[in-house]
Structures are given as C-alpha cells and as structure tokens.
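Enquirer: below are the sequence and a predicted model for it; my questions follow.
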Amino acid sequence: MLAIEPAKKLSFTRCISDGDLVIVYERHDNMRAVKVSEGSVLQNRFGVFKHSDWIGKPFGTKVFSNKGGFIYLLAPTPELWTLVLSHRTQILYLSDISFVIMYLEIVPGCVVLESGTGSGSLTTSLARAVAPKGHVYTFDFHEQRAASAREDFEKTGLSSLITVGVRDIQGEGFPNEFASTVDSVFLDLPQPWLAIPSAGKMLKDDGVLCSFSPCIEQVQRVCETLRENFTDIRTFEILLRAYDVREAKLEGCQDDSSVSVVALPSKKRRQRSSEGSNAQETQGSSIAMARPCAEAKGHTGYLTFARLKCFS
Amino acid sequence: MADTNNQSDSGQNSRLTWEGCSVLLDINDGDRLVFARLSPAAKLKIGNNNCSLQPLIGCSFGSVFRVETGSEGPYLARFNSSSEGNVNNVQENNGFQSKEESRDNRELVDDNKAQSLTGEDIDAMRREGVTGDEIVEALIANSATFEKKTLFSQEKYRIKKQKKYAPKVLLRRPFARSICEAYFKKYPVRIGFLRVDTLSLLLSMANVSANSDVLVVDMVGGLLTGAVAERMGGVGHVCSTYVGSTPYPMEIVKIFNFGNDICKSILRSSLDDLSSSNNGTSEQIGQHDDSLIVKGGLNNDQISSVCAEEICDGSEIGKSNILLEDSNSQVLRNCKSVKAGQKAPEEFIKFWKENGFSSLVVAAPDLDAWTLVKDLLPLLSSSAPFAIYHQFLQPLANCMHNLQLGKMAIGLQISEPWLREYQVLPSRTHPCMQMSAFGGYILSGTKICNV
Ligand SMILES: C[S@@+](CC[C@H](N)C(=O)[O-])C[C@H]1O[C@@H](n2cnc3c(N)ncnc32)[C@H](O)[C@@H]1O
C-alpha cells in the first residue's frame, strides 16, 4: 500500500502484477479488496473478470467482464482500505482518523502506541504517518483479532511498520520497555481511564494522548483521570457532511420555463468551452448545484486529546 | 525497538529547543500567539517588560515560563506548579454552573472599592522582589468580595489577575497543527480560512506519505506546503506549482523547524513548465524573492511577511515585531544552508512528466477550481488521489460536475467538515459556547486512466 521501498514508488506507471492488492471499484459505495492471482476470476453482477486481463495494466484502469460490464482497479490507500476492510469491530473512519493523526502530531519517525487494534482501520493510517522510519505498536487482548489484524497488515504490505501484541492494556498497561520513549498514544477502549496512567508513563514529555469514546460518560471519566498528569485537555467531535451535485435548470433563470427543478440525466453534453463552465452559465445553460446528502452519520465518538505535563 | 530519533534532520522531532529553533509562544492561554526564533539576542515584550528568550534555549517543548523580577530586571523563569492544571479546567462559564454549588452572586456589588491594594502597593511589592503569584495571592486576600463569589467566579478572578501580574509563556512546537490553529485563530484570511481539521482531511485524502511526489497549489501562505512536507519527512518531493510566472509566497514554511532534508524536498515549478511538452523553462531569474510578491485577488493586502511573525490580538499588534526579526536573520545565516522551495531541476520535471505525480492537493482561494484542475489532473499518474479545498461550494460543484462529464475521475465527493469542541468538567459538560461554524469544502476523488 505504501511505497516503503523507494523502488515501489506510487508512480503509477508501475503496473498491476501477480500478487498485488487492488481495490476493485464498482461504485463509490461498492468496493472491495482483491489479491491479484493469475488464474483467478472475479465475479459480480456485471459478469466474470479474469485477473489475467488485469496484469500489466496501470492502476486506475477500467477493465471489462465477459459480458462487457466494467470496473476500475485502484491502487490501495489507507482511505480506500478503511472502506473495504472486514469489520471485526467498530472502526474509525476518515474524519476521525485524519484529525487524530494531525492532533497527535504524528510525523515520519514517530513511535506510536495504540490499543485496541480492533479491525486495524486506524492502525493503517498511523503506519502511513510514521513511515518510513517510525513504528506503530498496537495491542488488543483478543487473540483472534490480533491475528487477523496481522494478516491484514501483511496483505497491505505494512507489517514492517506495525507490531501487533496481544495484551490486556486496561489490566496490565503497556509494556514497560516503552517507558518514556513514545511520541503519541491512542486509546479506543471501553474503559480508557484504566489505561491512562500507563499511557502517561510511556509518553515522552509533551507527548500527546488521544482517547476515542462514543459516550460522554466515558469522556467525563477520561478527563478526570487526565487532569493529574496531563495538560491542554481538549475534547472534540468531528463529522463530515457530504454533498450531492446535480446539473439543473431553475425556473425563471433563463429561457427554459417548463419546470421548477430538473435534474438532467447526465447525457453526453455539448462541447465544453476551454474557459470552463463559468463562461457557459452566462450563456444561459443549466448549472451544477449542490446540496447536502439527506443521510449522514450523526455521531461516531468524542475525541479527547491531552499532553503529558512537562517536568524535566 | 525502532530507532526513533533522526538526529541528522536537525531535530524536527526533537523535544528540546535549540539555538536557532523556531517556536510558538503561547502567552496566557492563547491570548497572544507569537512565532519566534530562539537566540540569545531575541527578546519578547510581555506587558511592559522586555524579556530575553535566552532562558528558553535547550528547554523541553511544553515548558511553561513566568516573568519574574530579578536584580537585573524582569526575566523569564521556568515555572513548575502542580496547581497549573486548574487553569485549563476553567474555559468558559456563561451561566452554566455546577448544580452542586449553593453559592450564588446575589450579594455581589461591583463598586471598585472591593480591592484595598493600590497600584502603588503593588509596584512596591514588585520592587521588593515579590513574585507575581504572591501578588495575585495578596490581591485575593485584600479583596473584600472574593469570599462571596461563586467558586467559578473566584477561579475567573484568579486567572484574570494571574494573566496581568504573573503572565505565563508556554513553549510550543511549531507543527502543522499549532501553526494552522494559531493562524486560524488570529489571521484566518492569510490561510484562506483553512481550519485544522480541514487541513488534516486534505492530507489524508491525498494520501500524503513518505516516498511520494505530491503536487501542491498553495495560495495559503505556505501552510499547505509545510503541512505536506511535514508528513513526508523529507523522503519524496513536494512540488509547489503556480499559475503565471511568479511563485506564490510560502513564508509559513519557515516557521516549521524543517531540517535540510525536508527543505530540500520542497521544490517549485510553474504550471507552464510542468505542462509544456518541451523541457524549456519560462521563468525569469531574479524573480525568486518570495516576500516581494503581491498577488492579485481577494487577499491583496494580507500577505504575510512572516519569518518571525507576531500573531496577536488587534490591541497588541505592532508592539513587538522588531526584536524578533533581528534574531531571525541571524539564524538564517547560521543554519539554513538549504532553502525550501528551490526551483525544481530539469531532471525532476522530466521524471514527473514521465511518471506523473502520486497525488494532488489544492488550496487556492482565489482561483477557479475547474480551470485549475483541468490543467493539473493530466499531470497525475492514474489512480492518484486528489483533494481540492475551497471556501465556496459552487466552484467545487462545478468542478465535480465537469470531472464527471469528462470521465476524468471516480469516487468524487464534496465534503464539509464540522468540528465541535466540548467543555468537559464535573457536572458542567457541554459544547463550547464558541465554535467555528465554517471549515470550508473539499472535493476529493481518484484520477482514472483514460485509455
Ligand atoms: C472498537 S475496537 C477498535 C477499533 C479500531 N480503532 C479500528 O479503527 O479498527 C476496540 C478493541 O479494543 C479491544 N479491547 C477491549 N478491551 C481491551 C483491553 N482491556 N486490552 C486490549 N484490548 C482491548 C477489543 O478487543 C476491540 O478489538
């Protein structure tokens, strides 16, 4: 997934080869991860796709089935991975993940602790942020989940950046070998306050901790516990609102006066001038209009951040 | 365990300051935010005092300093207090009080007679070397009304007096997070109102990571370029491109503590040079000085002359710019052998033309998104993700529509981040009273292969 070896840079003239992980894109809400294997086929409602047809094509290519249906083959990124990974737990999504990485001040070379690993959605983005020289140590007390996560990181090519440990972090804390060596800690646990004293021991001075909790009662207890050794304690909620874009004509706008709002089917349109669309609006064509999508996620969780107080 | 400290990179990840290091000084919990370079000569004006920044050299980021009065006048001293946490706990009140508290403010009369210590008394205490904290305690002890105040008002009173008599300076690392937040709080126009969560989304959506070649259009003063370079850690390249013959200013890049590797990874090239089929370059030599550029459009008068810029409240502007600038020029001489934003060499341009950039990030408040994107997209390799920021929705809607019609990209989405901060206190948890209602819009997608 990442160009950990410079030779595999994401310059996409690099073509799909046998054994690569590709993201098969049908529609924005229908994607899946597929390991390319010479003799295999992919079957979906559009027909049968032979992997052998994919090999040698650049990422981003449209490929066709026996029935003429098509899909796109994309290079995997942590964002795409989050959309296709198998959910063994609740997972973190793009908006929370992005904010966490930024607020934890994770940059290449950092050492980061995480618990629980869950489905590894966040871990994948943590690994990208610490690459090429840093490392993510992630812990889950659920043996099976840890094993599946390891397999996933193998599949996505991130295993050199991530170590998955099996450990009860709420009960035992993080391993002592990490004491005072860690840049950032992330907790997604049912009772995160139990792990906070240990997290404090692991962090370097001024290192940042983040705890993700769906419920405000958990946040309350986290903040109370943090006050002892942490400062700059802040809690956020972040959501994304998505927009639908339609091309439409409005009544009274120009010559057309038949209907109020018509969403034109996206028919093959007349030549666009090289000036872009601005020029056309003034010529009285319909315009692209945007409005928020009707359905949206209303809540994921609260993100609480804090910095280890600095005594040295 | 992994080898964590990349010392060669002049300590981007260092947790201690050094001489010549860029820092963000947070004075009195965000009342003033000052970017400065540490040097023995650098001074900071706090209240009526000019304090040397020398004591800050070699300290951990996250340290707190207080102004103390010594025999040679006021100086910044390291401050360690276990009670310090309290300050953080009281953020705002506006009537939301703990139900458990029985006291109220019905007996309070505000008549200026409550305080029996005079200004002269306080000056005298100062001369005797009484610390700021002790003055605050004395003020509280001599306040006739303090005892009658609610706990919350007491805390507020204490903080107000502390800010005045024992101002606090917090030493912070200049990271994308803190730089973006500082600008957003004090000078949002200069960064095109790019909020920190929006910036974080741009970086994720464009898959910014080490070992990539990221194409950037940065008309937000260098914040975007700096944030991208920070994520890449000097491995790979950021190419900052511009329309026309004059590069956009990238002063904010200098605020980051980038070592040589990262500075070297930041290149720039005109869009003409990147797009032209021949390899000739159109730029004229002698136009390099970023700080001289005046760009057109909305933000004409907002160009920052950063380097060591002071960001502070309107009331404070102009008080302490000069002293920071001296220290800066000295630093540039000392340690910046490599300058960020050099012109991209021919062989790089050639490489990018052949292979394409691995992703694209745009924050160009003054340019039409579609006009720009239709020229930029062909420069990307196929399957490259991109993220375009704009303060307005319409240009992105247009751009998205045209990309759909041209079948140039898939996974197209316009999103608007919404960020709410909470005050979390025992029996007083609620969303903060103030929030930024607007973080802009992002158009994201993945370029597809058109063959
Ligand atoms: C919600 S999931 C984490 C999801 C993850 N953030 C992601 O994005 O995929 C929580 C995980 O914490 C683990 N967990 C719960 N209690 C734990 C404990 N005491 N020690 C370690 N892991 C624990 C669970 O097994 C579960 O996998």
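Expert: Now that the structure is in, tell me what you want to look at.

Enquirer: remind me, longest strand of the chain?
Expert: Since you didn't name a chain, this refers to chain A. strand A:230-250 (DSSP state E).

Enquirer: look at chain B instead
Expert: Under DSSP E, chain B gives strand B:409-423 as its longest strand.

Enquirer: roughly how far is the longest strand of chain A from the heart of the chain?
Expert: Chain-centre distance of strand A:230-250: 16 Å, with Cα atoms, centre = their mean, to the nearest Å.

Enquirer: out of the helices and strands in chain A, which is least certain?
Expert: Least confident helix or strand of chain A, by mean pLDDT, DSSP states H and E, is helix A:278-282 with a mean of 40.

Enquirer: and the next helix or strand past that helix?
Expert: strand A:287-292 (DSSP states H and E).

Enquirer: so which bits of that following strand are buried?
Expert: Buried residues in strand A:287-292, counted by 16 or more other Cβ atoms under 10 Å in any protein chain shown: A:287-290. C-beta here means a position set from N, CA and C on the backbone, and glycine is covered the same way.

Enquirer: tell me which of those residues has the lowest pLDDT.
Expert: By pLDDT, residue A:287 ranks lowest within the buried residues of strand A:287-292, coming in at 85.

Enquirer: and that residue, how far from residue B:397?
Expert: Applying Cβ to Cβ, to the nearest Å, the value for residue A:287 to residue B:397 is 8 Å.

Enquirer: how far does stretch B:195-212 sit from the chain's center?
Expert: On Cα atoms, centre = their mean, the centre of stretch B:195-212 falls 16 Å from that of its chain.

Enquirer: now check that stretch, is it near the ligand?
Expert: No. Interface with the ligand: stretch B:195-212 contributes nothing (Cβ under 6 Å from any ligand atom), its closest point being 13.8 Å away.

Enquirer: anything in that stretch near chain A?
Expert: Yes. Using Cβ under 8 Å from any Cβ of the partner chain, stretch B:195-212 comes into contact with chain A via B:196-197, B:199-201, B:203-205, B:207, B:209-212.

Enquirer: return, as residue ranges, the portions of chain B with sub-threshold pLDDT.
Expert: Scanning chain B for pLDDT under 70 picks out the ranges B:1-12, B:81-113, B:278-337, B:451.

Enquirer: what about the helices in the stretch 101-250 of chain B?
Expert: Assigned by DSSP state H, counting those that start in this stretch, the helices in the stretch 101-250 of chain B fall at B:119-127, B:132-141, B:151-165, B:176-186, B:196-205, B:223-232.

Enquirer: how about JSON lines for those, with mean neighbour count and distance to residue A:119 added?
Expert: Shown next, in JSON lines, are these (neighbours: other Cβ atoms under 10 Å in any protein chain shown; distance: least, Cβ to Cβ, whole Å):
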{"stretch": "helix B:119-127", "mean neighbour count": "12", "distance to residue A:119": "60"}
{"stretch": "helix B:132-141", "mean neighbour count": "17", "distance to residue A:119": "50"}
{"stretch": "helix B:151-165", "mean neighbour count": "17", "distance to residue A:119": "43"}
{"stretch": "helix B:176-186", "mean neighbour count": "22", "distance to residue A:119": "26"}
{"stretch": "helix B:196-205", "mean neighbour count": "26", "distance to residue A:119": "18"}
{"stretch": "helix B:223-232", "mean neighbour count": "29", "distance to residue A:119": "24"}
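
Enquirer: closest one to residue A:94 among those?
Expert: Across the helices of the stretch 101-250 of chain B, residue A:94 has its closest neighbour in helix B:196-205 (6.3 Å, Cβ to Cβ).

Enquirer: which outside residues touch that closest one?
Expert: A:78-79, A:94-95, A:97-99, A:101-103, A:125, A:238, A:240, B:176-177, B:180-181, B:184, B:223-224, B:227-228, B:231, B:361, B:363, B:385-387, B:389, B:415, B:417, B:419, B:439-440, B:442, B:444 (Cβ atoms under 8 Å, 6 or more residues apart in numbering or on different chains).

Enquirer: tally up the residues packed near the nearest residue to residue A:243 once chain neighbours are set aside, please.
Expert: Leaving aside its chain neighbours, residue A:243 sits nearest to residue B:414 (4.0 Å; criterion: Cβ to Cβ, 6 or more residues apart in numbering or on different chains). Per other Cβ atoms under 10 Å in any protein chain shown, the neighbour tally for residue B:414 reads 24.

Enquirer: isn't residue B:414 right next to residue B:394, touching?
Expert: No. Using Cβ atoms under 8 Å, residue B:414 is not in contact with residue B:394, being 10.6 Å away.

Enquirer: spit out the residues that contact the two alike.
Expert: In contact with both residue B:414 and residue B:394: residue A:290, using Cβ under 8 Å, 6+ apart.

Enquirer: need the residues of the stretch 101-250 of chain A near the ligand, please.
Expert: Proximity of the stretch 101-250 of chain A to the ligand is confined to A:115-116, A:118-122, A:139-142, A:145, A:168-171, A:188-190 under the rule Cβ under 6 Å from any ligand atom.

Enquirer: show the buried residues in the residues you listed.
Expert: A:115-116, A:118-122, A:139-142, A:145, A:169-170, A:188-189.

Enquirer: quick revisit: tell me the buried residues in the longest strand of chain B?
Expert: B:409-419, B:421-423.

Enquirer: count the neighbours of residue B:392 for me.
Expert: 11.

Enquirer: surely it and residue B:443 touch.
Expert: No. Judged on Cβ under 8 Å, residue B:392 makes no contact with residue B:443 at a distance of 11.4 Å.

Enquirer: so what's the nearest residue to residue B:207 once chain neighbours are set aside up against?
Expert: Counting by Cβ to Cβ, 6+ apart, residue A:77 is the residue found nearest to residue B:207 once chain neighbours are left out, at 4.4 Å. With contact set as Cβ under 8 Å, 6+ apart, residue A:77 has these partners: A:1, B:207, B:385.
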